[in-house]
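Q: What follows is a predicted protein model with its sequence.
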Amino acid sequence: MSEPLTTPGEGFHPHLHATQGTPKAPLHTRLHHIRADDLDGDTAQTGGMRRFSAVSGRTVGSEKLWMGQTHVAPATASSDHHHGESETAIHVVSGHPEFVFLDDSGEEPEEVRLRTSPGDYIFVPPFVPHREENPDPTEEAVVVIARSTQEAIVVNLPRLYALEPDGPGEGA
């Protein structure tokens, strides 16, 4: 193919003409490749698991997104926690992690356990207390996490409970 399929700036990115004169931060003018062995372990943590940041404000200059991995060792449960205002999407890569939360929609709060397999997804709404467990005695569980905030917000809690406005755990 000798001719380009489109003229640069035509069709796919009509907004580019309006911002051509605006200087951009160097981190926002190129793609970023984060290799698996370059994940950053210096991020918010919860007992019983290890988080590694790939895409964050610090690593690539993201403004609205955090993405990384979490590893839960065999026969381990994380501490109870929530992720503040972040919406969290989880994709199970390996193992069979279980996600535990309290469902308080009935007369009495009930502990619910979501058992997962590789390829499954979990959505965690903002401020929902939960924990991750890996009941397998030999295999580590690995998940990929995406959050709607640029950094990993983690609020560790003394126990699993439903949050109430201005209730325990908020702002902790």
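A: The structure has been received and is ready for your questions.
Q: Going by C-alpha atoms from here, please, whenever you check contacts or count neighbours.
A: OK.
Q: Which is the succeeding secondary structure element to the lowest-mean-pLDDT helix or strand in the chain?
A: In the chain, the helix or strand scored least confidently by mean pLDDT, DSSP states H and E is helix 16-19, which has a mean of 46. The first helix or strand that comes after helix 16-19 along the chain, using DSSP states H and E, is strand 50-55.
Q: Give me the contact list for that following strand.
A: For strand 50-55, contacts defined as C-alpha atoms under 8 Å, 6 or more residues apart in numbering pick out 34, 38-45, 59, 62, 65-72, 150.
Q: go again using 10 Å as the cut-off
A: Taking C-alpha atoms under 10 Å, 6 or more residues apart in numbering as the criterion, the residues outside strand 50-55 that touch it are 32-45, 59-62, 65-73, 78, 142-147, 150-152.
Q: Filter the residues you listed down to the buried ones.
A: When neighbours are counted using 16 or more other C-alpha atoms under 10 Å, the contacts of strand 50-55 contain these buried positions: 39-40, 43, 45, 59-62, 65-73, 78, 142-147, 150-152.
Q: tell me which element Val92 falls in.
A: Using DSSP H and E, the element containing Val92 is strand 88-94.
Q: Point out where the protein drops to low pLDDT.
A: 1-29, 41-42, 44-47, 162-172 (pLDDT under 70).
Q: Show me the strands in it, by range?
A: In the chain, the segments counted as strands under DSSP state E are 50-55, 66-72, 76-77, 81-82, 88-94, 98-103, 110-115, 121-124, 130-134, 141-147, 155-156.
Q: what separates the fifth one from the chain centre, distance-wise?
A: Put simply, strand 88-94 sits 8 Å off its chain's centre (C-alpha atoms, centre = their mean, to the nearest Å).
Q: One more: the first one?
A: Here strand 50-55 shows a centroid-to-chain-centroid distance of 9 Å under the convention C-alpha atoms, centre = their mean.
Q: could you give the angle of that strand to strand 141-147?
A: Using axes from the mean of the first three to the mean of the last three C-alpha atoms, to 10 degrees, the interaxial angle of strand 50-55 with respect to strand 141-147 works out to 40 degrees.
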